[in-house]
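In: Build me a model from this:
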Amino acid sequence: MYKPQFNKRRVLVFHQFGNKGWSLFSCLGREVVCSVLSVSTLTYASAESVSTDPVTADSVATKTARELTLDEVSVTGSRAPLTKSQAARMVTVLERADIQKAPVQSINDLLKLAVGVDVRQRSPIGAQTDISIRGGTQEQIIILLNGINICDPQTGHNTLDLPCDLSDIQRVEVLEGPAARIYGTSSLVGAINIVTKAPASPLGDEQLLLRAEGGSHGYANAAARISLPPYSERQRVGASAGMGWGGSLSASYARSDGYSRCKAGTLNSGYSGSKAFYQGGYATDGINVNWHVGIADKGWGSSTSYASPKWQADDQYEHTTKLTAALQSTLACGAVSLHPSLYWNQHQDRYEAYRNNPSLIPYNYNRTDVCGLQLNSHFDWALGRTAFGAELRNENLVSTNLGEPLTRPHSIHGTDRDYTLGLNRTNISAFAEHNLLLQNLTVSAGFVVVKNTWADMNPTVYPGIDASLRLGSRWKLHASYNTSLRMPSFTEMYYRLQGYKADPHLKPEEMSAIEAGASYHSQLVTYHLALWKHKGRNMIDWVMDTRQADNAVWQSVNHTRLNSLGLEASATISLQSSTVNLSYSYISQEKDLEPGLVSQYALEYLRHKLVAGIHVPLLSQLTLDTNMRWQDREGQYTDFDGNVCDYKPFAVIDARLSWRRPAYELYLKANNLLNTRYRDYGLVEQPGLWLIAGITAHL
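Out: Modelled structure (predicted):
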C-alpha cells in the first residue's frame, strides 16, 4: 500500500492544510506529496518541529502552486523544511480519501492497511487496540494528535483513546523506525500522527456533516461535525496580511451489544462510547495560533482480555475517560522561526476484574495527568539550515494499585475510596540538527539529550543521521542510522495482580537502527523497497517461567538483547480510475530467552504481512473498495487448559460499496467477509462477519 512520490523542485502550498503547523511533516521538517491513492509513502531528510514557512530552497510562482490540483500539490514546512527532491526517509500516509473509502469502523481499523503497522485488537470498534511498528510493542511507539504527544504513561493499551471522530480526520501519518532526535522518549520504533481537518474554506467545503449507521451485533453509530466561521482564504494559503479565526466542533456516539459470550452465557464484549472535539485557530500578521480540546469516554466488556490459565476470568470490564488540550503557535523572531506548544492530557481508568462485583476483587482506579511545554525553532545560514529546541514533560500518576505510597491520599470522585499510591517523573530533552544540502545529495544529522528524574537517570545523548541520493527524476536512494529510547510505563513497573508481578527497577529500553531503501516512480507504476535492522538492549517484556507450574506468574523484565531484521516492499498500479495496491512486510527477531520462558510481547510479532487493495468504479456514482490482509504471527499463547498454542495464519477480506452524490453518500460495509475465525491476541477470539449500512450527509 506504499506509494513513493517524486515532484519537481518547487515551492508549493496547498490551502487545505499547508498552513497547519501541527502536521507531522511540519513537525519533522519533511515535504509531503499528497495523493488520492490508497496509501502514499513519502521520504524525508530533516528533523522535527512545527512550521508554516514556505520552502525557500527552490522557486516557483505562488499563484501557479495555488492553481494545481490535489494530486500535484506538495506541502513543505517544519523546524528545518526541505524540498521533496531532497528527501531521505519513509513516511506512510493514509489520506482523507482513503478514510472515506475504507471499510473500517475506527482509526484502529484504518491502521491495519499500513503494512508496517501491527494492529492487535482486544475488542472491536476501537474499544482497545495495541498498535506497534516493525516488531515492537504497543509501549514502544508514540501517538500524536496534531503533532502533540497524547501517550498515556500508565499503559500503551489506552494510547489510542482518541477524542476525535473519523469525520474529523484529515490524514494519518506513520513514521517507521527510531525517532528520538525527533520526539525524544517513547518513539523507540516509530510514530503515528493523527491530523484533524482544518476549518472549512469558503470555496465549497462542507459546513455541516451528519452520519448515521447500524449493523450486526446491535451496532449503532451517530456523528455530527459543524464548521465554525472559517479563516479567510488569504490566511489559509499563508498570506502575510489579514486576520481572522476559525474552528470546528464535532460529537459522536457508538455502541454495540458485543459478539462473544462468557461462561455464564451473557454477552461481555459490548461497547458504549462518546466523543467530543473542538479545534480552532487565530491568525494575524506574523503569528498563527491553533488549539484543540477533546474528550473521549467509553466502557466495554473486556471478556478474556487479561485472563490466564491460572486466572480464567471471562467477565472483565473497563471504563476510560481521556481529556486533552493543546495550544500551539508559529511566529517569527528576526531570522529565527519559533514554534512553542503547551499541552495537557488526563486519562482516567477503572478496571473491573469481575464485572459489577467488587467484592471478589476491588476495582482498580488510575488517573494520569501529563503536562508538557516544548519549543521548536530553525534558521538558515551560509552552511545550510539548523534546527534546535527543547521539551519539558511531567507525568503524574495516582492509583489504587500502581506506584509508591502517597504521603496524602486523594479521594476518587464518585466513590468512597482513595488513591493511595502514585508516582511522578519529569522528562527533559533538548535537540539540535543541521541539514547540508547539495545538488543531488542531502545529509541531515542531529542528536537529542535526554534526562529523566525517575531512577536518577543521567543525561544521555542519542544521535541520528539521514542521507538521500537522487538519480535522475525517477529513482531515489536513501539510508539512515538512528537511535532512540523508551521509559518504562507505570504498569510495567508496578502492576501486581492475578498472576502478574512487575519490577519497579526496570531500565529504559534503547534501540539503534539502520535502514536503506530505493524508490521508483512513474505515471503508471510506483515501486518501493526498504531493508532495516534494529538492535535493542534492555528490552522490556512480560515473561512466564512455565517450569514453575502452578506457581508461574507473568513478570516484567529487561532483556539484554533483541535484534530485528526486516524488509518492506510495495507496488501501486494506476489504471485510469482504478487503483491496485500490493504491500508485503517480513520480520525476523532474535532474543535472549531461557528455555521454559514464554514471552507475552517481544516475540509475538508479524513475521509476514501482506496487504492488497483495489478501488473499482462500477458506475458513475457507485464504487467498490476491497482490502485483503494475510498475516502470519510468530509466537504462542497458553489456553485455559494449559496447552501452549501457536498463532495460526489467517486472511481477512473487507469491502465497502458506496453510492456517492454531492450532498450525501449511502454505503454498505462488510468486515471479515469470509467469516474467518481467528485469534490475534492470546485468548481473545475476534468477531466473524460484521455488516454495516449507513448514510453520510454533507451540507
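In: Spatially central, which residue of the chain would that be?
Out: Among the residues of the chain, the one closest to the centroid is residue 192, at 2.9 Å (C-alpha atoms, centre = their mean).
In: Surely that residue touches residue 147?
Out: No: at 11.6 Å, residue 192 does not count as touching residue 147 under the criterion of C-beta atoms under 8 Å. (Glycine included, C-beta is placed from N, CA and C.)
In: Output the host helix or strand of the residue nearest to the centre of the chain in CSV with nothing but the alpha carbons.
Out: Following DSSP states H and E, one finds residue 192 within strand 190-196. Written as CSV, here are the backbone C-alpha positions of strand 190-196 (Å, rounded to 0.1, in the frame of the first residue of the first chain):
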residue,chain,number,x,y,z
GLY,A,190,8.2,4.8,15.3
ALA,A,191,5.4,7.3,15.5
ILE,A,192,1.8,7.8,14.4
ASN,A,193,0.3,11.2,14.0
ILE,A,194,-3.5,11.8,13.7
VAL,A,195,-4.1,15.1,11.7
THR,A,196,-7.5,16.6,12.0
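In: List the contacts of the residue lying closest to residue 657 once chain neighbours are set aside.
Out: Excluding its sequence neighbours, the residue lying closest to residue 657 (C-beta to C-beta, 6 or more residues apart in numbering) is residue 668, at 4.8 Å. Each residue near residue 668 by C-beta atoms under 8 Å, 6 or more residues apart in numbering is listed here: 656, 657, 691, 692, 693.
In: ok, so what distance separates residue 668 from residue 257?
Out: To residue 257, residue 668 is 20 Å away according to C-beta to C-beta, to the nearest Å.
In: In the stretch 101-250 of the chain, where is pLDDT below threshold?
Out: Applying pLDDT under 70 to the stretch 101-250 of the chain flags the ranges 199-206, 229-243.
In: Do a quick rundown of the helices in it.
Out: With DSSP state H, counting those that start in this stretch as the criterion, the stretch 101-250 of the chain has helices at 107-110, 180-183, 233-236.
In: As a check, name the ranges of all helices in the stretch 401-550 of the chain.
Out: Counting by DSSP H, counting those that start in this stretch, the stretch 401-550 of the chain has helices at residues 490-494.
In: what about stretch 255-266, how long is it end to end?
Out: Start-to-end span of stretch 255-266 (C-alpha to C-alpha, to the nearest Å) is 17 Å.
In: re the thing from before, show the pLDDT at the residue nearest to residue 657.
Out: Per-residue pLDDT puts residue 668 at 97.
In: and it, bridged to which residues?
Out: Per DSSP bridges, the residues bridged to residue 668 are residue 657, residue 693.
In: Return the backbone torsion pair for the nearest residue to residue 682 once chain neighbours are set aside.
Out: For residue 682, ignoring the flanking residues on the chain, the nearest one in space by C-beta to C-beta, 6+ apart is residue 637 at 4.2 Å. With angles defined as degrees, to the nearest 10, residue 637 sits at phi -140, psi 160.
In: try the one 3 residues further on
Out: Main-chain dihedrals, residue 640, degrees, to the nearest 10: phi -70, psi -20.
In: any idea how far it lies from residue 404?
Out: Here residue 640 is placed at a distance of 35 Å from residue 404 (C-beta to C-beta).
In: Of all the strand elements in the protein, which one is longest?
Out: The residue-count maximum for a strand in the chain (DSSP state E) belongs to strand 418-437.
In: For that strand, which residues meet the burial criterion?
Out: Using 16 or more other C-beta atoms under 10 Å as the test for burial, strand 418-437 gives 419-423, 425, 427-435, 437.
In: Ok, stretch 467-478 next?
Out: If you call a residue buried by 16+ other C-beta under 10 Å, then stretch 467-478 has these buried ones: 467, 468, 470, 476, 478.
In: what are the C-alpha coordinates of it, in PDB please?
Out: In PDB, the C-alpha atoms belonging to stretch 467-478 read as follows (Å, rounded to 0.1, in the frame of the first residue of the first chain):
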ATOM      1  CA  ALA A 467      21.000  10.800   3.700                       C
ATOM      2  CA  SER A 468      19.400  10.700   0.300                       C
ATOM      3  CA  LEU A 469      20.800  10.400  -3.200                       C
ATOM      4  CA  ARG A 470      18.700  11.400  -6.200                       C
ATOM      5  CA  LEU A 471      19.400   9.600  -9.500                       C
ATOM      6  CA  GLY A 472      17.500  11.400 -12.300                       C
ATOM      7  CA  SER A 473      13.800  12.200 -11.900                       C
ATOM      8  CA  ARG A 474      12.500   8.700 -11.100                       C
ATOM      9  CA  TRP A 475      15.000   7.000  -8.800                       C
ATOM     10  CA  LYS A 476      15.900   7.800  -5.300                       C
ATOM     11  CA  LEU A 477      18.200   6.000  -2.800                       C
ATOM     12  CA  HIS A 478      18.100   6.700   1.000                       C
END
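In: that older thread, in TSV, list the contacts of residue 668 along with neighbour count.
Out: Shown next, in TSV, are these (neighbours: other C-beta atoms under 10 Å):
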residue	neighbour count
656	21
657	17
691	15
692	20
693	13
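In: of the residues you listed, closest to residue 366?
Out: The nearest member of these to residue 366, counting by C-beta to C-beta, is residue 692 at 32.9 Å.
In: pretty sure the closest one is touching residue 219, no?
Out: Yes: judged on C-beta under 8 Å, residue 692 makes contact with residue 219 at a distance of 6.5 Å.
In: which residues do these two both contact?
Out: Listed as contacting both residue 692 and residue 219 by C-beta under 8 Å, 6+ apart are residue 213.
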